[in-house]
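**Q** I would like the atomic coordinates for the input below:
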Amino acid sequence: MTTREVEHEITVRAAAADVYRLLADVENWPRLFPPSVYVDYLERDGNEERIRIWATANGEAKNWSSRRVLDPDALRIRFWQEVSAPPVAEMTGTWVIEPLAETETRVRLLHSYRAIDDDPEGLTWIDEAVDRNSRAELPGLKTNLELSAQDAGLSLSFEDSVRIEGAAKDAYDFVNEAQLWTERLPHVAKVELTEDTPGLQTLRMDTLTKDGSTHTTESVRVCFPHRKIAYKQTTLPALLDLHTGYWTFEEGPDGVTTATSQHTVVLNADNIGAVLGPEAGVAEARTFIREALGNNSRATLNHAKEHAEARR
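**A** The predicted structure is shown next:
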């Protein structure tokens, strides 16, 4: 059996402990890895865990399950896909995080793999794929690790909730059926929803702002009937470098549902002046985004509330 071992590395301006913490917590992945849409824990037992990853690949949304072993003392994380796709017979990887200075860290990404039947062509295909993906992944990871570690007030998370005298399923259906939003939501001018794999949606829409202009966004959405819809914007407005979020629907024993919209954004500091005017800074951008996204979310939640309560 021919097992190939390869290594890629990059140096990051951030403390090793911060880098490890950000990589170890999979909920951070949508903000660290550009293709990553949503990651969920399937099982956790001490330092061993099973996770499910939803990500985009060549413009398509995919999902798979992986296992990980965390070693916080050695600052290492070992991982492998549960089911390998041909021509891969087996593949494991390891993140190795090495402090170089107080705020400088070397991140090494190791891969070990073999091809089905030791096929030379298959091995060459895997070599090229691992090299291409690692080279594409690491610069984006470096940028996002540095942004996350330094922050400078550019990150913002917030949520809005409504109480609904109705079923979680009906409120969920309203948000899930986004293809109907032009009829149902006054702030949505145009919408395209595709769902080739059940529960995995691509949503493209034109949203009206208070001044009457429209902006186009595209998101990948992961749907868990009838409790949660998680998403990541893949086409962003000029003011944002990242936008992830989720809708949740929790029905209490009294039949009352709490519906919540959560947003996590990273501001694009370079575009604040162009979008909001030369006097505006980070504080003004934070206020603007909180109001703009919050207003649209609250409008959607209130329409979902009316929809669910009318069906009670």
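**Q** where along this structure do the strands fall?
**A** All strands of the chain, identified by DSSP state E, fall at 4-12, 36-45, 48-57, 60-71, 76-81, 88-101, 104-115, 155-164, 188-197, 200-208, 214-224, 228-235, 240-251, 257-267.
**Q** number of nearby residues for V19?
**A** When counting by other CB atoms under 10 Å, one arrives at 26 neighbours for V19. Using the backbone N, CA and C atoms, a C-beta is placed for each residue, glycine as well.
**Q** Run through the residues that contact it.
**A** Shown here is V19, whose contacts under the criterion CB atoms under 8 Å, 6 or more residues apart in numbering are 12, 97, 105, 107, 145, 149.
**Q** again, but for I289
**A** The neighbourhood of I289, defined by CB under 8 Å, 6+ apart, consists of 156, 239-240, 265, 267.
**Q** So for it, what's the pLDDT?
**A** According to the predicted model, the pLDDT of I289 comes to 96.
**Q** From G277, how far off is it?
**A** Taking CB to CB, to the nearest Å as the measure, I289 falls 15 Å from G277.
**Q** ok so, going back, can you list the strands of the chain in a markdown table and add mean neighbour count, distance to V282 and mean pLDDT?
**A** Output for the strands of the chain, formatted as a markdown table (neighbours: other CB atoms under 10 Å; distance: least, CB to CB, whole Å; pLDDT from 0 to 100):
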| stretch | mean neighbour count | distance to V282 | mean pLDDT |
| --- | --- | --- | --- |
| strand 4-12 | 15 | 23 | 97 |
| strand 36-45 | 16 | 26 | 95 |
| strand 48-57 | 17 | 29 | 92 |
| strand 60-71 | 16 | 32 | 91 |
| strand 76-81 | 17 | 32 | 96 |
| strand 88-101 | 17 | 27 | 96 |
| strand 104-115 | 19 | 25 | 97 |
| strand 155-164 | 16 | 10 | 97 |
| strand 188-197 | 14 | 29 | 94 |
| strand 200-208 | 19 | 23 | 93 |
| strand 214-224 | 18 | 20 | 94 |
| strand 228-235 | 20 | 20 | 96 |
| strand 240-251 | 21 | 13 | 96 |
| strand 257-267 | 21 | 7 | 97 |
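**Q** mind giving me JSON lines with the ones you listed and columns for distance to N133?
**A** Rendered in JSON lines, the data for the strands of the chain read as follows (distance: least, CB to CB, whole Å):
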{"stretch": "strand 4-12", "distance to N133": "9"}
{"stretch": "strand 36-45", "distance to N133": "13"}
{"stretch": "strand 48-57", "distance to N133": "9"}
{"stretch": "strand 60-71", "distance to N133": "13"}
{"stretch": "strand 76-81", "distance to N133": "13"}
{"stretch": "strand 88-101", "distance to N133": "11"}
{"stretch": "strand 104-115", "distance to N133": "9"}
{"stretch": "strand 155-164", "distance to N133": "26"}
{"stretch": "strand 188-197", "distance to N133": "22"}
{"stretch": "strand 200-208", "distance to N133": "21"}
{"stretch": "strand 214-224", "distance to N133": "18"}
{"stretch": "strand 228-235", "distance to N133": "18"}
{"stretch": "strand 240-251", "distance to N133": "20"}
{"stretch": "strand 257-267", "distance to N133": "23"}
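**Q** Just want to check the distance between the closest residue to E82 other than its chain neighbours and W54.
**A** Of all residues beyond its chain neighbours, the one nearest E82 is S65 (4.6 Å), with distances taken as CB to CB, 6 or more residues apart in numbering. Here the criterion is CB to CB. By it, S65 lies 11 Å from W54.
**Q** Ok, L141 next?
**A** Here L141 is placed at a distance of 18 Å from W54 (CB to CB).
**Q** My read is that Q201 contacts A178, right?
**A** Yes - counting by CB atoms under 8 Å, Q201 does reach A178; the two are 7.4 Å apart.
**Q** shared neighbours of these two, which are they?
**A** What both Q201 and A178 touch, as defined by CB under 8 Å, 6+ apart, is the set 193, 221.
**Q** got the contact list for stretch 228-236?
**A** By CB under 8 Å, 6+ apart, the list of residues contacting stretch 228-236 reads 30, 36-38, 56, 172, 175-176, 203-204, 216-224, 240, 242-249.
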